[in-house]
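Enquirer: give me a model of this one.
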Amino acid sequence: MKTIVLATDFSANAKQAAHFAAQLTRDQKARLILVHAFHVWPDNPAKTGDFSLSVQATKESSEKALKHLTDELRKEVGADVSIEYIAREGHTMNAIRAITTEKNADLLIMSTVGTAPKSAQLMGSIATEMVEETDVPLLLIPPGVGYAGIKNIVLGVDLATPPNALALETALLFAKSFGSVINVLCISEHPENPELKERGEYIRRLLIPQPHTLSIVAGHEVYTTLLDFSVENKADLIMMLPQSRSWLWKLFAEGETQHVARLTDLPLLAIV
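Expert: Numbers count the residues shown, from 1 in each chain. Predicted coordinates:
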């Protein structure tokens, strides 16, 4: 892992996620790029000039806050850790996606919730919406979670459809880079189905080089089964492989990964 991007809105929860990102960056010997996206409405009469709401003034204010955060993180992880920052005008998700592409990011990190944690748990947040929009793996950090290394991972896999081989390979590479044990959990209403067992064995063969366990358990409520399993196995991180969905489906329903990310108190890595 070479480049990690941390998107922040400067809220307390985002600051906590930044500290998590900085410590992970140090352990991975990577570089960290702090990103803040801001938007000035086109019809704002102060769009140009030295007014407090102008693009330039907003950018300078954002850069000042980013520099302050950078200095704070360097004091914690040391000056040897490479930390950069970017303030970018634009709608949040579009700006973040553009920067991760430009910088060839290996990982995007965001706080699960920003300034409104209660409403985010009920309705989701920009961070959970990014699960459907990001082109790079997305690590979501819930409130109150600090970094203490990632040694025990639970990977939730849906065996109803064959797993995306590329996403599965990426998940294994992350587990290897973290030096983690990976506990694969396959949830099915029909765990004795021979076809599902065959798919489970395919995953097991892929996992041979990696310390792992594989469990196929009965269940229909993904969130409850996955969280109970993660707590039971003392997981430091949950991984999920979001399925591609049509725009119409996205319009009316959230995916399982978004659902889990919205409610869990464990870090969640969505592999895309």
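
Enquirer: run through the stretch 151-272 of the chain and note the low-pLDDT ranges.
Expert: Within the stretch 151-272 of the chain, the ranges that satisfy pLDDT under 70 run 243-254.

Enquirer: now do the strands in it.
Expert: Here the stretch 151-272 of the chain has its strands, by DSSP state E, counting those that start in this stretch, at 152-157, 181-188, 212-218, 237-240, 268-270.

Enquirer: quick one: distance of the second one to the chain centre.
Expert: Translated: strand 181-188. A distance of 19 Å separates the centroid of the chain from that of strand 181-188, by C-alpha atoms, centre = their mean, to the nearest Å.

Enquirer: and it, what does it pack against?
Expert: strand 152-157, helix 165-178, helix 194-206, strand 212-218, helix 222-232 (3 or more C-beta pairs under 8 Å, 6 or more residues apart in numbering; DSSP states H and E). All C-beta spots, glycine's among them, are computed from the backbone N, C-alpha and C.

Enquirer: make JSON lines from the strands of the stretch 151-272 of the chain and add mean neighbour count to it.
Expert: Formatted as JSON lines, these follow (neighbours: other C-beta atoms under 10 Å):
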{"stretch": "strand 152-157", "mean neighbour count": "24"}
{"stretch": "strand 181-188", "mean neighbour count": "22"}
{"stretch": "strand 212-218", "mean neighbour count": "15"}
{"stretch": "strand 237-240", "mean neighbour count": "25"}
{"stretch": "strand 268-270", "mean neighbour count": "26"}
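
Enquirer: out of these, which comes closest to Lys2?
Expert: Nearest of those to Lys2, taken as C-beta to C-beta: strand 268-270 at 17.0 Å.

Enquirer: picking up where we left off before, now the strands of the stretch 151-272 of the chain in CSV, with distance to Glu63?
Expert: Shown next, in CSV, are these (distance: least, C-beta to C-beta, whole Å):
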stretch, distance to Glu63
strand 152-157, 36
strand 181-188, 39
strand 212-218, 44
strand 237-240, 32
strand 268-270, 29
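
Enquirer: do you know which of these lies nearest Ile33?
Expert: Evaluated with C-beta to C-beta, the strands of the stretch 151-272 of the chain place strand 268-270 nearest to Ile33, the distance being 18.2 Å.

Enquirer: and for that closest one, what's in contact with it?
Expert: Residues outside strand 268-270 that contact it (C-beta atoms under 8 Å, 6 or more residues apart in numbering): 112, 131, 134, 137-140, 142, 171, 174, 237-242, 257, 260-261.

Enquirer: strands of the stretch 1-150 of the chain, residue ranges please.
Expert: Counting by DSSP E, counting those that start in this stretch, the strands of the stretch 1-150 of the chain are 3-7, 31-38, 82-89, 107-111, 138-141.

Enquirer: what mean pLDDT does the shortest one get?
Expert: When pLDDT is averaged over strand 138-141, the result is 95.

Enquirer: over to the second one?
Expert: Per-residue pLDDT over strand 31-38 has a mean of 96.

Enquirer: equivalent analysis for the fourth one, please.
Expert: Per-residue confidence for strand 107-111 averages out to 96 on the pLDDT scale.

Enquirer: in its sheet, what does that strand sit against?
Expert: Each strand paired with strand 107-111, and its direction, by DSSP bridges: strand 3-7 (parallel), strand 138-141 (parallel).

Enquirer: where does pLDDT dip in the stretch 1-150 of the chain?
Expert: 40-53, 114-124.
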